[in-house]
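J.: my questions are about this predicted structure, shown below with the sequence.
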Amino acid sequence: MSTTVDKIKDIEAEMAKTQKNKATSFHLGMLKSKLAKLRQELLTPQGSGGSGGGSGFDVARTGVASVGFIGFPSVGKSTLMSRLTGQHSEAAAYEFTTLTTVPGQVVYNGAKLQMLDLPGIIQGAKDGKGRGRQVIAVAKTCHLIFIVLDVNKPMTDKRVIENELEGFGIRINKEPPNITFQKKDKGGISITSTQQLTHIDHDEIKAVMKEYKISSANISIRCDPTVDDLIDVLEAKHRSYIPVIYALNKIDAISIEELDLLYRIPNACPISSEHGWNVDELLEQMWDKLELKRIYTKPKGKLPDYSAPVVLRKNARTVEDFCNQIHKSIVEQFKIAIVWGRSVKHQPQRVGLSHELEDEDILTIVKR
Ligand SMILES: Nc1nc2c(ncn2[C@@H]2O[C@H](COP(=O)(O)OP(=O)(O)OP(=O)(O)O)[C@@H](O)[C@H]2O)c(=O)[nH]1
Ligand SMILES: [K+]
Ligand SMILES: [Mg+2]
């Protein structure tokens with residue numbers, strides 16, 4: 001019997017010799033979906049502990065968000081960790097110095113952020129090479145990833161690492177495709193789109209749906225997706241959309257001319273962990289990417305407390321999230337909230353529990 005890896009190879013070979021045109025698009029759509037399912041199978045082996053996470057690699061999560069450090073061995077992840085957090089993480093000139101997750105903490109703009117120094121990964125990590133799967137599984141649950149690269153060979157390494165993360169279901173610096181499904185009992189597949197589809201045709205979409213055993217559904221597309229985007233939506237529970245900053249480390253070892261070139265790479269920050277050069281900029285970029293919301297509490301009749309904001313993540317920033325952050329019992333006594341700041345039109349404005357807050361809003365809770 002052929003293994004999953006064999007099956008993947010066969011399909012990849014068939015795809016390589018199939019030209020994309022109108023006549024083959026149904027077939028290609030089916031092949032791509034089969035491939036996605038086999039890859040997923042590879043990541044969740046039957047009867048052996050789920051997604052490959054855990055086993056000493058995952059640590060207790062603290063703070064409002066966590067940032068994972070991913071990179072090849074000896075690019076300077078642990079040196080960066082010690083530099084940012086003061087938490088010593090063993091660093092040395094030999095590869096695989098770090099063997100497990102080392103947590104540390106940074107307090108930035110009043111927010112407690114967890115930093116996770118991770119072991120180095122190598123090409124093939126997602127397929128089980130080294131401890132790569134456990135390492136990437138931890139990164140997959142982070143709110144931000146620093147891909148740490150050695151400036152002496154950043155671009156090739158960058159592609160390899162991105163490929164490893166992608167293969168594990170992580171989508172880098174990307175929003176989920178704007179596609180929604182509504183399954184139906186009958187009536188077939190009906191597709192509506194708000195713009196012209198330039199990467200897929202209806203045959204390909206139907207092939208993908210067939211492969212996922214969906215025979216009747218309304219699909220509403222509000223973007224110009226590729227077939228991979230469509231598959232990502234169907235595999236949504238195995239996908240994580242995570243912002244990434246490329247920390248280009250060891251700039252102390254290159255010339256100014258070489259450094260200029262590095263500044264053209266999007267989402268990158270050149271640094272020297274060893275010398276602490278430009279790590280302030282890295283932290284600033286981190287803050288921007290996390291899109292955290294600092295909410296200042298104003299007790300009735302007093303000035304707001306600017307020293308200790310309640311910090312919310314962008315996907316959990318309602319007044320209810322704010323209340324729960326302080327104490328579970330607050331919601332039960334909640335009557336109304338009075339808000340000043342960017343989330344409201346009138347200053348101040350009375351809002352309910354579902355109101356979404358913005359960074360630096362000021363808020364007073366009125367209890368029943
Ligand atoms: N020149 C230079 N060397 C650095 C810099 N940062 C780290 N190094 C050196 O690079 C080597 C590896 O550093 P580590 O911090 O152990 O690298 P790592 O990525 O944690 O390595 P593993 O845990 O083995 O994956 C050490 O010899 C460090 O002194 C830097 O900014 N500049
Ligand atoms: K090392
Ligand atoms: Mg290390």
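T.: Here it is on my side, so go on. Ligands and ions are numbered 1, 2, ... in the order given.
J.: going forward, measure contacts between C-alpha atoms and count neighbours the same way
T.: Noted.
J.: state whether residue 40 is indeed within a helix.
T.: Yes. Residue 40: assigned to a helix according to DSSP: H, G, I helix; E, B strand; the rest coil.
J.: count of neighbours near it?
T.: Residues lying near residue 40 (other CA atoms under 10 Å) number 17.
J.: quick check: it vs residue 193, distance?
T.: Computed as CA to CA, to the nearest Å, the residue 40 to residue 193 distance reads 28 Å.
J.: cool, residue 169 as well?
T.: To residue 193, residue 169 is 26 Å away according to CA to CA.
J.: those two: who's more crowded?
T.: With neighbours defined as other CA under 10 Å, residue 169 and residue 193 compare such that residue 169 has more, 24 against 13.
J.: is the closest residue to residue 70 other than its chain neighbours bridged to anything, and to what?
T.: What sits nearest to residue 70 in space, not counting adjacent residues and going by CA to CA, 6 or more residues apart in numbering, is residue 147, at 4.9 Å. Counting by DSSP bridges, residue 147 is bridged to residue 70, residue 246.
J.: pretty sure residue 147 is touching residue 243, no?
T.: No. Residue 147 lies out of contact with residue 243 (CA atoms under 8 Å); the separation is 10.4 Å.
J.: ok, back up a step: and the residue nearest to residue 70, what does it touch?
T.: Residue 147 makes contacts with 69-71, 158, 161, 244-247, as judged by CA atoms under 8 Å, 6 or more residues apart in numbering.
J.: if you set the cut-off to 6 Å instead, what comes out?
T.: Counting by CA atoms under 6 Å, 6 or more residues apart in numbering, residue 147 touches 70-71, 246-247.
J.: nearest to ligand 1, of those?
T.: Ranked by distance to ligand 1 (CA to the nearest ligand atom), these are led by residue 71 at 6.6 Å.
J.: any idea which element residue 219 lies in?
T.: strand 217-221 (DSSP states H and E).
J.: mind listing residues that contact that strand?
T.: Contact partners of strand 217-221, identified using CA under 6 Å, 6+ apart, comprise 179-184, 189-193.
J.: could you chop the protein up by domain?
T.: Domain segmentation of the chain under automatic domain parsing yields 4-43+177-238, 65-174+240-290, 293-367.
J.: for residue 184, see how far away the residue of the stretch 151-300 of the chain found nearest ligand 3 is.
T.: Across the stretch 151-300 of the chain, the shortest distance to ligand 3 (CA to the ion) belongs to residue 273, at 12.2 Å. To residue 184, residue 273 is 55 Å away according to CA to CA.
J.: the two: which has the busier surroundings?
T.: Under the criterion of other CA under 10 Å, the comparison of residue 273 against residue 184 puts residue 273 first, with 25 against 13.
J.: so who does the more buried one touch?
T.: When contacts are counted by CA under 6 Å, 6+ apart, residue 273 is found next to 79-80.
J.: what strands flank the strand holding residue 219, and is each parallel or antiparallel?
T.: In the sheet, strand 217-221 lines up against strand 179-183 (antiparallel), strand 189-193 (parallel) (DSSP bridges).
J.: how about the ones you listed, which one is nearest residue 29?
T.: For residue 29, the closest of those is strand 189-193, at 15.0 Å, according to CA to CA.
J.: any low-confidence regions in the stretch 51-200 of the chain?
T.: By pLDDT under 70, the weakly predicted segments of the stretch 51-200 of the chain are 51-56, 128-129.
J.: and the residue of it nearest ligand 2?
T.: Residue of the stretch 51-200 of the chain nearest ligand 2, by CA to the ion: residue 74 (3.8 Å).
J.: next, count neighbours for that residue.
T.: 21.
J.: next: residue 245.
T.: Using other CA under 10 Å: residue 245 sits among 21 other residues.
J.: and it, what pLDDT?
T.: Note for residue 245: predicted pLDDT of 98.
J.: now swap in the one 10 residues further on and tell me
T.: Residue 255 is assigned 93 on the pLDDT scale.
J.: any idea how far it is from residue 262?
T.: Noted for residue 255: a distance of 11 Å to residue 262, by CA to CA.
J.: who's more crowded, those two?
T.: Each of residue 255 and residue 262 has its neighbours counted (other CA under 10 Å); residue 262 has more, 18 against 9.
J.: now the residue nearest to that one when sequence neighbours are not counted: phi and psi?
T.: In space, residue 262 comes closest to residue 270 once its chain neighbours are excluded; the distance is 7.0 Å by CA to CA, 6+ apart. Note on residue 270: backbone dihedrals following degrees, to the nearest 10 are phi -70, psi 130.
J.: so the residue nearest the centre of the chain bridges to which residues?
T.: Geometric centre of the chain, nearest residue: residue 242, 1.3 Å, by CA atoms, centre = their mean. Beta bridges link residue 242 to residue 172 when assigned by DSSP bridges.
J.: okay, it: pLDDT?
T.: pLDDT, residue 242: 98.
J.: that one reaches residue 175, doesn't it?
T.: No. Residue 242 lies out of contact with residue 175 (CA atoms under 6 Å); the separation is 8.6 Å.
J.: tell me the pLDDT at residue 49?
T.: So residue 49 comes in at 40 (pLDDT).
J.: correction: residue 321
T.: 97.
J.: tell me, how many residues neighbour residue 237?
T.: By other CA under 10 Å, the residues close to residue 237 number 9.
J.: show the contacting residues for residue 281.
T.: Residue 281 sits next to no residue when contact means CA under 6 Å, 6+ apart.
J.: that one: helix or strand, and which one exactly?
T.: Assigned by DSSP H and E, residue 281 belongs to helix 279-290.
J.: buried stuff in that helix?
T.: Neighbour-count burial for helix 279-290 flags 279, 282, 286-287, 289-290 (criterion: 16 or more other CA atoms under 10 Å).
J.: cool, stretch 253-272 as well?
T.: For stretch 253-272, by 16+ other CA under 10 Å, it's 259, 262, 268-272.
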